[in-house]
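**Q** give me a 3D structure for the following:
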Amino acid sequence: AAWREETKSAGFGWVYTNRFSKLDRSESASASNIGSPLMAEAVALFLAQQQALALGFKKLHFASDSQLLIKALTSESPQKELYGILQDILWLSNDFDEISFSFVSREKNSRADALAKSALNSAFIVPASVPVSV
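**A** Numbering: from 1, shown residues only. Here you go, the predicted structure:
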């Protein structure tokens, strides 16, 4: 995920790969009213998880460059700000036959990071302080 403090907007990017089936698919999205970089990371994972289910994936390994998110998901370090979305992620995890979460360095996650930054930069988000007339 990529996050912009001034506008509380975020861009999300995720990549599905499977070296055996040669699957290589990437997606991105953006949203406003995201309170923190950590929340943006959690939303990105949740969106990727939802789409994976819609695509019929049953076995997944999620790798994130957010150590705090991975620690929160593996119960090593609960984060109060993530309580609701963590419950959603863990609940949705029950729909997979196999699912795991791990940390990966940003360098090894550069493609998803670039997608997230691109989604954030291309999002049309009007800051609350700018009057809009129709």
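
**Q** phi, psi for Val15 please.
**A** With angles defined as degrees, to the nearest 10, Val15 sits at phi -130, psi 130.

**Q** could you look up the SS state of the spatially closest residue to Leu53 that is not a sequence neighbour?
**A** In this structure, Leu53 finds its nearest non-sequential neighbour in Asp95, 5.6 Å apart by Cβ to Cβ, 6 or more residues apart in numbering. From N, CA and C alone the C-beta is placed, and that goes for glycine too. Under DSSP: H, G, I helix; E, B strand; the rest coil, Asp95 falls in the coil class.

**Q** where do the strands sit along the chain?
**A** Taking DSSP state E as the criterion, the chain contains strands spanning 2-4, 9-18, 23-31, 59-64, 98-103.

**Q** pull out the buried positions in stretch 48-61.
**A** 48-49, 52, 57, 60 (16 or more other Cβ atoms under 10 Å).

**Q** which one of these sits closest to Ala114?
**A** When these are ranked by distance to Ala114 (Cβ to Cβ), Ala48 comes first, at 15.3 Å.

**Q** looks like that closest one contacts Ser64 (just checking).
**A** No: checked against Cβ atoms under 8 Å, the pair Ala48 and Ser64 is beyond contact range at 9.5 Å.

**Q** reformat the strands of the chain as TSV; add distance to Leu38 and mean pLDDT.
**A** Supplementary listing: the strands of the chain in TSV, determined by distance: least, Cβ to Cβ, whole Å; pLDDT from 0 to 100:
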stretch	distance to Leu38	mean pLDDT
strand 2-4	9	93
strand 9-18	11	92
strand 23-31	14	90
strand 59-64	11	92
strand 98-103	14	94
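
**Q** tell me who's in contact with the most centrally placed residue in the chain.
**A** Among the residues of the chain, the smallest C-alpha distance to the mean C-alpha position (Cα atoms, centre = their mean) belongs to Ala44, namely 1.4 Å. Under the criterion of Cβ atoms under 8 Å, 6 or more residues apart in numbering, the contact partners of Ala44 comprise 1, 10, 12-14, 64, 116.

**Q** right, I'll call it a day here.
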